[in-house]
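>>> Sequence plus predicted model, see below.
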Amino acid sequence: MRRREVVTLKALPPTAITGNTTICEGETATLTANGGVSYSWSNGSTNNSISVSQSGVYTVTATNAEGCSAPANVTVTVNPLPSVNISGNTTLCAGNSTTLTATGADSYTWSTGDNTASVSISAFGIYTVTGTTTAGCSGTANVTVLVSQLPVITITGETDICAGESTTLTVTGGDTYIWSDGTTDNSITINTAGIYQVIGYNAAGCFSMADATVNVWQSATSEFSVECPDSCYIWNDQAYCATGDYTQILQTVHGCDSLVTLHLTITVGVNDYNILDFKVYPNPATGVVNVEYTIYEDQSYGELHLFDVYGKLLRVIPIVSETTPIDVATLAPGTYFVRVTTDRGIVTKSFVKW
């Protein structure tokens, strides 16, 4: 009788691998095998999970409790990181801006919050950009933007001169300069009126402007007449005791020479009844000058006239009391003349306004 043998077929384990198979350079992926009770990987590991960081095909053989084995494999791809770069001017002057542009990736995120390839920057600081490829891999780059302050440009020198004189304007605050006339020295000497501009640059190339207005004042010539019922007429501390024409070189409010001619008539002795005298104080004066004189009973009229050093009539004030204040606060510093005219005579005296 023939003996029968029974053959039993054992099932193979359902070997499978799970885990991320696409990673970026510098990252690792964990591959986990399942379906068996023991495993053997192509890299020699016998754990059910392995960590990989290189591209390649990874195979695992799973064995079940029955001793049957079955393989499985996956392909791991490692994508490179983008090489992100930033271009643009990283040194600028206060008040200006610069454009920083990132390259090397497909999308960008800046530390400013912008999500564009280019950003406009106007402040000092460190600016970082993260660039990401379509594969999801990222790289970073950063630059430091320096902001240089503008130079403070100052022009010194006399800006009011007399005809025939010259002045030197000097600029400070920068390292190099260029004037509106093309001069590159820090000083220029000029003798004509006008507005003179200069641009000053510092070592960083930042610049500021300054200007100065130069005035050229002309000398003046003037004359005035005085009838003096006194033995002498005092003009600028100099006594003139005879009828005649006299000249003095004075200065205008701008310091230029002024030739002033006095036409003097001494009337003493003609009629003693006409002798008139008065006081002007304080002299020099700043705010108010007082004119003090005597009003006679038979005096029918009287006026006070104020002249500048050129003989120009500035004010006419009626005589109503023995002391008349004159407000000179708004007058320019210089020499002025007060003439008292009454039916008793005419007398002129000078005073100085500070």
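Thanks, I have the structure now.

>>> Quick check: chain neighbours aside, which residue is closest to Phe224?
Nearest non-adjacent residue to Phe224, counting by C-beta to C-beta, 6 or more residues apart in numbering: Gly311, 3.5 Å away. C-beta coordinates here come from the backbone N, C-alpha and C atoms, glycine included.

>>> Now do the contacts for that neighbour.
Neighbouring residues of Gly311 by C-beta atoms under 8 Å, 6 or more residues apart in numbering: Ser222, Glu223, Phe224, Val260.

>>> can you check Thr112 too?
Thr112 is in contact with Val119, Ile121, Tyr127, counting by C-beta under 8 Å, 6+ apart.

>>> try Val226
Contacts of Val226 by C-beta under 8 Å, 6+ apart are Tyr233, Leu262, His263, Leu264, Thr265, Arg339, Ile346, Thr348.

>>> Could you check which helix or strand contains it?
strand 220-228 (DSSP states H and E).

>>> That strand pairs with which strands, and in what direction?
Note on strand 220-228: by DSSP bridges, its sheet partners are strand 257-266 (parallel).

>>> For whichever helix or strand comes after the partner strand, buried residues please.
Using DSSP H and E, the helix or strand that follows strand 257-266 towards the C-terminus is strand 278-281. For strand 278-281, the neighbour count (16 or more other C-beta atoms under 10 Å) marks Phe278, Val280 as buried.

>>> Tell me which residues are up against strand 278-281.
Defining contact as C-beta under 8 Å, 6+ apart, one finds that strand 278-281 is touched by Val289, Asn290, Val291, Glu292, Tyr293, Thr294, Val338, Val340, Val347, Lys349, Ser350, Phe351.

>>> For those residues, give me JSON lines that also has secondary structure and neighbour count.
Listed next are these as JSON lines, based on DSSP: H, G, I helix; E, B strand; the rest coil; neighbours: other C-beta atoms under 10 Å:
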{"residue": "Val289", "secondary structure": "strand", "neighbour count": "23"}
{"residue": "Asn290", "secondary structure": "strand", "neighbour count": "14"}
{"residue": "Val291", "secondary structure": "strand", "neighbour count": "21"}
{"residue": "Glu292", "secondary structure": "strand", "neighbour count": "14"}
{"residue": "Tyr293", "secondary structure": "strand", "neighbour count": "21"}
{"residue": "Thr294", "secondary structure": "coil", "neighbour count": "10"}
{"residue": "Val338", "secondary structure": "strand", "neighbour count": "21"}
{"residue": "Val340", "secondary structure": "strand", "neighbour count": "22"}
{"residue": "Val347", "secondary structure": "strand", "neighbour count": "23"}
{"residue": "Lys349", "secondary structure": "strand", "neighbour count": "20"}
{"residue": "Ser350", "secondary structure": "strand", "neighbour count": "17"}
{"residue": "Phe351", "secondary structure": "strand", "neighbour count": "19"}
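
>>> So for those residues, which is the shakiest by pLDDT?
Lowest in pLDDT among those is Thr294, which has 73.

>>> For that one, which residues are in contact?
Counted by C-beta under 8 Å, 6+ apart, Thr294 has contacts Asp277, Phe278, Glu322.

>>> Just the closest of those residues to Asn142, please.
Set against Asn142, the nearest of these by C-beta to C-beta is Phe278 (86.1 Å).

>>> Model confidence for the closest one, exactly?
Residue-level pLDDT assigned to Phe278 equals 80.

>>> What's opposite it in the beta bridge?
Beta-bridge partners, per DSSP bridges, of Phe278: Tyr293.

>>> Please apply the same query to Ile121.
Ile121 has these beta-bridge partners by DSSP bridges: Thr98.

>>> For Thr101, see how far away it is.
Going from Ile121 to Thr101 by C-beta to C-beta, to the nearest Å gives 11 Å.

>>> And Tyr58, by the same measure?
As defined by C-beta to C-beta, Tyr58 lies at a distance of 41 Å from Thr101.

>>> Please tell me I have it right and Ile153 contacts Gly174.
Yes - the criterion here is C-beta atoms under 8 Å, and Ile153 meets it with Gly174 at 5.8 Å.
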